[in-house]
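Chemist: Would you be able to build a 3D model of this:
(chains A and B)
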Amino acid sequence: MTADVDGQAILEARNITKVFEVKRTRVAALYDVSLSVRRGEFLSLVGPSGCGKTTLLRILDNLTTPDAGEVLFEGEPLRTSSRDMAFVFQETALLPWRSVCRNVELGLEARGITGKEARAAAMEVLRLVGLGSVSEQPPYTLSGGMQQRVGIARALVTQPKVLLMDEPFSHLDNFTREALQVELQRLWSQFRMTTVFVTHDIDEAIFLSDRIALFRSHPGRIVDIADVPLERPRTQSQVRADPTAIKLRELIVEELGVQAAEDAAAASPKA
Amino acid sequence: MADEMLELESRGAGPLLAEGAAIGARSASRAREAREAEVAALLRSLPGRSRTRERWLRVLLPAGAMALLLGAWQLSSLWLNPLLFSNPWRVARAYRYLFDSGTLGSALASTMSEWAISLAIGMVGGVLIGTVMGRFRLVERLLNPFVNFLMATPRVVLIPLLIVWIGVASEGRILFAVLTNIFVVILNTMAGVRNVNRTYLDVARATGLTAWQTTRKIRVPAAVPYILAGARLCASVSLVGLIIAELEFSNVGIGYLLQLYQTELATDRILAIVVVTAGIGLGIVGLFKGIERMFFSWVRATGTMGQA
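Modeler: Got it, this is the predicted structure:
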C-alpha cells in the first residue's frame, strides 16, 4: 500500500527494520517499513512517541543504519549521508563557538566553499528567514524560535533536494510555533524542496503537509497515509475552520487513538 | 475631567471607561505615558537590595586579617631572631633591594620567558597528541604505555638524567617543565574530543563533513572547555616544574635566586621572592580568565562542558 510505483519517488525506504536493545529486551523500533517520498511533496510522519518516526527519518539520511532494508535516493542506494539532503534537528544543534552566520556557512564548508562566497550565500539565506540583523551574534543569545530559524537556514544554504526535519518546532511556544509553520510553508512554496517532517502534532502536520504518514508502535510501522487536499497558501485560522481539515483531523485522531487505547489495555492486564 | 479618567485608567480601571468618553487615540497614548511613569515610580520606590554591608565584609574582613597577621609578625621580631624569621619590614626592604639592583628583573625575565616557551610547547604538543590519541585507537594503544609510565614517574627523578644528557642549559629546564606540564593537556584534550555532544556529531554527518573536517571544525572546538581547564593547570604546573629545575640545576632564574639566598640564610629575600611568585600565580589565573572571557565566552554562556 505504501509502495509508490509511479516513478515520482525521489527518496525511498524499502523494508526497513531497526531493532534497539533496551535493557536486554529487543524492541523493533521499525518493522518492515516501506515509504516512498515523492519529488517536491511535503510529507509528515506522525505518530505517538516511540513509534520510530524519528528513527526512520535518521535512516533516510543515513544518520542511523538500518538492520534490514535499504534506502534509495533518486534510485541509487544511499551509502553515506547525501549532500543533496539536509537535516534540521529537534534541538537546534547550533555550534556555540560559531556566530549565527558561521553556523550557516558550515554546510558550504563541507562542499569546499569558504570565505566571501560562503558568507554571501549564508547572509542571503539568513535574510530570507528574517535574521540578517543577528548574523554576527552567538547563537545562544537568540530566542528558541530564532535559533530554529538558523537551523533551517543552515539546512537551506546548500539548496538541498530533500529537507528532513525532526520535530523542529516541538520545543517552541504556541505563538512562535505557528509563526514558524507559516514561514516554513512560505519557504517550501518558494523552493519546492521535497520535505519530510516528523511531528507528533496532528494540527501541525495537517497545516503543512501534502501527505501524512501515520505511525504505530510495537513494532514501529506505517499504518496509513492520508492525503491533505487543502489549497495553498494556507492560513492557520482557515485550516482550523476548514470542514475537510476537521474531518481529516478526526480520522487521524481516531486511527491513532485506537492504538492509544490498545496500548493502555496492554499496559494494564487486569482491564 | 479628562485627567480624572486618565488617572482612573492608569490605575487599571480598564479601557472601557476611556472608550465611552471622548478620549481619542491621543489621550490613550497620554494614558500609556502616565502608566509608564507610574510603573517607573513604583520601581524606584521599591527598596533595592543593600549590598553595602556585604561589600564591606568582603573587603574589610580579609584586609583586617592580613593586617593583623603582618602586625603580629612584625612584633614577633621582639622575641624571635629576625635573621631567621624576618619580618614584613625586612621583607619590604629586601624586595626594594632585589628590584633596584635588577636582580629580580633579570631572574624574572629568564624564568618567565622559559615559562612561556614551555607552556607553548606543552599546549601545542599536548593538544596535538591528545587529539590524535583521542581520535585513533591505534595511536592511543601505542602511546598509552609511555604516557602512563611517564605520568606515574615522579618527574623529579629525571633531573639527574637531564643534567647528564643536556647539562645546565635552558633546554634542560624547558624539557623538564614540558615533561611536567604536557600530560594534563594530553589527557584533557583526549577526554574532550571523545565526549563531544552527540548532536554535534550528527550535524557533522548530516552536513557531509569529512572525518578530518569533523575533527577540526567540531571535535576540537567542542573540546575547548576541557582544553582550557588543561591549559590553566598546564600554566601553573609549568611554573612549578621550571622553578624546581632552576633550584636543582641552573645559574639563572627565580629558582636559582632562592637556592642562592638559602645558602646565604637571606630569609628576607627568599620571602620577598615568595611574595613575587604568589603574584605571578595570581597573574596567571587572571590571564587565563581574561583569555577565556575574550576568546571563548561561549564556554561560560553555554554551561561548563560545552553541551549546548
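
Chemist: hang on, isn't A:E91 packed against A:P168?
Modeler: No. Look at A:E91 against A:P168 with CB atoms under 8 Å: they stay out of range, at 9.6 Å. All C-beta spots, glycine's among them, are computed from the backbone N, C-alpha and C.

Chemist: Pick out whichever of these two has more residues nearby.
Modeler: A:P168 (24 against 17; other CB atoms under 10 Å in any protein chain shown).

Chemist: Nearest spatial neighbour of that one, chain-adjacent residues omitted?
Modeler: Spatial nearest neighbour of A:P168, chain neighbours left out: A:V88 (4.9 Å); criterion: CB to CB, 6 or more residues apart in numbering or on different chains.

Chemist: quick one, what contacts that neighbour?
Modeler: By CB atoms under 8 Å, 6 or more residues apart in numbering or on different chains, the residues touching A:V88 are A:Q148, A:G151, A:I152, A:R154, A:A155, A:L163, A:L164, A:M165, A:D166, A:P168.

Chemist: Among those, which ones are in strands?
Modeler: Of these, the ones assigned to strands by DSSP state E are A:L163, A:L164, A:M165, A:D166.

Chemist: what's the burial count for the second one?
Modeler: The number of residues packed near A:L164 is 25, by other CB under 10 Å.

Chemist: low-scoring pLDDT stretches of the stretch 51-200 of chain A, where are they?
Modeler: Residue ranges of the stretch 51-200 of chain A with pLDDT under 70: none are present.

Chemist: Get me the contact residues on it for chain B.
Modeler: By CB under 8 Å from any CB of the partner chain, the part of the stretch 51-200 of chain A that sits against chain B consists of A:61-63, A:80-83, A:85-87, A:89, A:91, A:93-97, A:106-107, A:109-111, A:138, A:140-141, A:154.

Chemist: of these, buried ones?
Modeler: A:61-63, A:81-82, A:85-87, A:89, A:91, A:93-97, A:106-107, A:109-110, A:138, A:154 (16 or more other CB atoms under 10 Å in any protein chain shown).

Chemist: Next step: these restricted to strands.
Modeler: A:M85, A:A86, A:F87.

Chemist: A:D166 is in contact with the last one, correct?
Modeler: Yes. In this structure A:F87 lies within contact range of A:D166 using CB under 8 Å: 7.2 Å.

Chemist: how far does stretch B:214-232 sit from the chain's center?
Modeler: Relative to its parent chain, stretch B:214-232 has a centroid offset of 16 Å by CA atoms, centre = their mean, to the nearest Å.

Chemist: what do you get for stretch A:215-232?
Modeler: Stretch A:215-232 sits 13 Å away from the centroid of its parent chain (CA atoms, centre = their mean).

Chemist: For it, C-alpha coordinates in CSV please.
Modeler: Taking Å, rounded to 0.1, in the frame of the first residue of the first chain, the C-alpha atoms of stretch A:215-232 are listed here in CSV:
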residue,chain,number,x,y,z
PHE,A,215,2.8,5.5,12.6
ARG,A,216,2.0,2.9,15.2
SER,A,217,4.4,1.5,17.7
HIS,A,218,5.2,-2.1,19.0
PRO,A,219,6.5,-2.7,16.4
GLY,A,220,7.0,0.7,14.7
ARG,A,221,5.3,0.7,11.4
ILE,A,222,3.3,2.9,9.0
VAL,A,223,-0.4,2.0,9.1
ASP,A,224,-1.8,4.6,6.7
ILE,A,225,-1.0,7.5,4.5
ALA,A,226,-3.5,10.3,4.4
ASP,A,227,-3.8,13.0,1.7
VAL,A,228,-4.3,16.6,2.7
PRO,A,229,-6.5,18.1,0.0
LEU,A,230,-6.2,21.7,1.1
GLU,A,231,-5.5,24.7,-1.1
ARG,A,232,-2.3,26.6,-0.6
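
Chemist: what comes up buried for that stretch?
Modeler: Quick answer for stretch A:215-232 (16+ other CB under 10 Å): A:215-223, A:225-226, A:228, A:230.

Chemist: I'd like a version of the ones in strands among the contacts of A:V88 in TSV, one that adds distance to B:L142 as further columns.
Modeler: TSV is the format used below for those (distance: CB to CB, whole Å):
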residue	distance to B:L142
A:L163	43
A:L164	40
A:M165	43
A:D166	39
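
Chemist: Of those, keep whichever come out buried.
Modeler: In these, the ones that pass as buried (16+ other CB under 10 Å) are A:L163, A:L164, A:M165, A:D166.

Chemist: of all those, which comes closest to chain B?
Modeler: A:L164 (8.1 Å; CB to the nearest CB).

Chemist: residues contacting that closest one?
Modeler: By CB under 8 Å, 6+ apart, the residues touching A:L164 are A:L57, A:L60, A:D61, A:M85, A:A86, A:F87, A:V88, A:T195, A:V196.

Chemist: Of those, which is the nearest to B:V193?
Modeler: A:F87 (22.8 Å; CB to CB).

Chemist: contacting residues for the closest one?
Modeler: Counted by CB under 8 Å, 6+ apart, A:F87 has contacts A:D61, A:L63, A:A155, A:L164, A:M165, A:D166, B:D202, B:V203, B:A206.

Chemist: can you rerun that using 6 Å?
Modeler: A:F87 makes contact with A:D61, A:L164, B:A206, according to CB atoms under 6 Å, 6 or more residues apart in numbering or on different chains.

Chemist: Now it: closest residue in space that isn't a chain neighbour?
Modeler: B:A206 (3.7 Å).

Chemist: did I read that right, the one you found in a strand?
Modeler: No. Counting by DSSP: H, G, I helix; E, B strand; the rest coil, B:A206 is located in no strand; its state is helix.

Chemist: Nearest residue to B:W165 in space, please, no chain neighbours.
Modeler: Counting by CB to CB, 6+ apart, the residue nearest B:W165 is B:G172, at 7.8 Å.

Chemist: burial measure for B:E33, as a count.
Modeler: Neighbours of B:E33 (other CB under 10 Å): 12.

Chemist: in what helix or strand does it lie?
Modeler: Using DSSP states H and E, B:E33 sits in helix B:25-45.

Chemist: quick check: mean pLDDT across that helix?
Modeler: Helix B:25-45 carries an average pLDDT of 82.

Chemist: could I get that helix in PDB with only the CA atoms?
Modeler: Extracted in PDB, the C-alpha atoms of helix B:25-45 (Å, rounded to 0.1, in the frame of the first residue of the first chain):
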ATOM      1  CA  ALA B  25      -6.000  58.000  20.500                       C
ATOM      2  CA  ARG B  26      -4.100  60.900  21.800                       C
ATOM      3  CA  SER B  27      -5.400  60.600  25.300                       C
ATOM      4  CA  ALA B  28      -4.800  56.900  25.100                       C
ATOM      5  CA  SER B  29      -1.200  57.500  24.400                       C
ATOM      6  CA  ARG B  30      -1.100  60.000  27.300                       C
ATOM      7  CA  ALA B  31      -2.600  57.300  29.500                       C
ATOM      8  CA  ARG B  32       0.100  54.900  28.400                       C
ATOM      9  CA  GLU B  33       2.700  57.500  29.300                       C
ATOM     10  CA  ALA B  34       1.100  58.100  32.700                       C
ATOM     11  CA  ARG B  35       1.000  54.400  33.400                       C
ATOM     12  CA  GLU B  36       4.700  54.000  32.400                       C
ATOM     13  CA  ALA B  37       5.600  56.900  34.700                       C
ATOM     14  CA  GLU B  38       3.700  55.200  37.500                       C
ATOM     15  CA  VAL B  39       5.500  51.900  36.900                       C
ATOM     16  CA  ALA B  40       8.800  53.700  36.900                       C
ATOM     17  CA  ALA B  41       8.000  55.500  40.100                       C
ATOM     18  CA  LEU B  42       6.900  52.200  41.700                       C
ATOM     19  CA  LEU B  43      10.200  50.500  40.600                       C
ATOM     20  CA  ARG B  44      12.100  53.500  42.100                       C
ATOM     21  CA  SER B  45      10.300  53.300  45.400                       C
END
